[in-house]
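In: Could you work out the structure for the sequence below:
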Amino acid sequence: MDSTATLILAISLIVIMIGMGLSLTLADFRRVLQMPKAVFLGFLNQIILLPLIAFGLCYALDADPVIAIGIMILASCPGGATSNLLTLLAKGDTALSVTLTAVNSLITIVTIPIIVTFSLDAFLGENTEVSAPIGEMITQLLVIIVIPLSMGMLIRRFKPQIAARLDKPVRIASGALIILVIVGLVIKERAHLVEYFQMALLIALSLNIATMLVGYLTSRLANLNFRQAMTISIESGTQNGTLAISLAVVTLARPDFAIAAAVYSLIMYVTALVPLYFGNKQEKHISN
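Out: Residues are numbered from 1 along each chain as shown. Model prediction:
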């Protein structure tokens, strides 16, 4: 992608992270101490099991290196604001979802460079011409995640009225920007789009279904309630596609690595209808 598209992508992610910050408070981080088991299960699924499942599927399905690396980049970017919205619609534990999103935003500053660097070596090995210096990657993640997230939180803390007015416009702007980015990605990779889509579809769908099931089952085995288990299922299956695309395009300068994230981002909204259905069905049952 050209420099203009790369700049738009970086700006879109910054806007999204500011918007996420507008919905967060320090209480969302402190809540880790109030529900330690649920938060631990969420981290176990998102930070450890998700990348392991993705890596296993890439090998089991003999994924093309481009798709495999794209999937691993995606697996290193759990959660995001989308999971909070889906949890709300599914009548899940929104507080748990927001807490996982908040803390994961900080933890992944460390885990993303490790997973991406490992994946490049595992699937490209000595043949790779792609470099992913950990120090540079951490710096970029601080700029596009931690700083704008902190800005949003500060606005909410000290200027709550401004935060309330900005919330909806920022969400609309971030959505419009990411659509532009995806369109640009499609145009850039149009020669290989059908081929990449076909290769990414099976593994992306398998990863999405597997992570949602594992998230739900591990939570129930740990005796978490239905709402918490549903929340962790959604969190496990909903990835931050915008961040994954940004890492592929901006950090690694490889738009082809972003195809898997784009395909997954489309799939996860369709499969999310399942927890939405059961969550609302359970809510109606409790009400009656």
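
In: need the strands for the protein, in chain order.
Out: Taking DSSP state E, the chain contains no strands at all.

In: Low-confidence regions, it specifically.
Out: 1-6, 126-133, 174-175, 177-178, 181-182, 185-186, 188-193, 285-288 (pLDDT under 70).

In: Just want the most central residue of it.
Out: The centre of the chain sits closest to Asn240, judged by C-alpha atoms, centre = their mean, with a distance of 2.0 Å.

In: and the closest residue in space to that one that isn't next to it in sequence, how many neighbours?
Out: Of all residues not flanking Asn240 in the chain, Gly80 sits nearest, at 3.6 Å (C-beta to C-beta, 6 or more residues apart in numbering). Placement of C-beta: from N, CA and C, glycine included. The local packing of Gly80 (other C-beta atoms under 10 Å) involves 22 other residues.

In: Who are the contact partners of Gly80?
Out: 16, 20, 101, 238-243 (C-beta atoms under 8 Å, 6 or more residues apart in numbering).

In: Just the ones in helices from those, please.
Out: Among the contacts of Gly80, DSSP state H puts 16, 20, 101, 241-243 in helices.

In: Looking at the residues you listed, which is nearest Ala222?
Out: Nearest to Ala222, judged by C-beta to C-beta, of the ones in helices among the contacts of Gly80 is Thr101 at 20.2 Å.

In: Quick check: chain neighbours aside, which residue is closest to that closest one?
Out: Among residues not flanking Thr101 along the chain, Gly79 sits closest, at 4.6 Å (C-beta to C-beta, 6+ apart).

In: show me what contacts that neighbour?
Out: In this structure, Gly79 makes contact with 46, 100-101, 104-105, 235, 238-240, judged by C-beta under 8 Å, 6+ apart.

In: wait, doesn't the residue nearest to the centre of the chain sit right on Ser76?
Out: No. Using C-beta atoms under 8 Å, Asn240 and Ser76 do not qualify as a contacting pair, with a distance of 9.4 Å.

In: isn't Ile267 right next to Leu202, touching?
Out: No. Ile267 lies out of contact with Leu202 (C-beta under 8 Å); the separation is 10.5 Å.

In: From Asn45, how far off is the residue nearest to Thr101?
Out: 11 Å (C-beta to C-beta, to the nearest Å).

In: shared neighbours, those two?
Out: Jointly contacting Gly79 and Asn45 under the rule C-beta under 8 Å, 6+ apart are Glu235.

In: sorry, back to before: wait, which of the contacts of Gly80 is closest to Val146?
Out: Of all the contacts of Gly80, Val146 sits closest to Met20, with 11.4 Å by C-beta to C-beta.

In: so what's the closest one closest to, chain neighbours aside?
Out: Counting by C-beta to C-beta, 6+ apart, the nearest residue to Met20 once its immediate chain neighbours are dropped is Ala81, at 4.8 Å.
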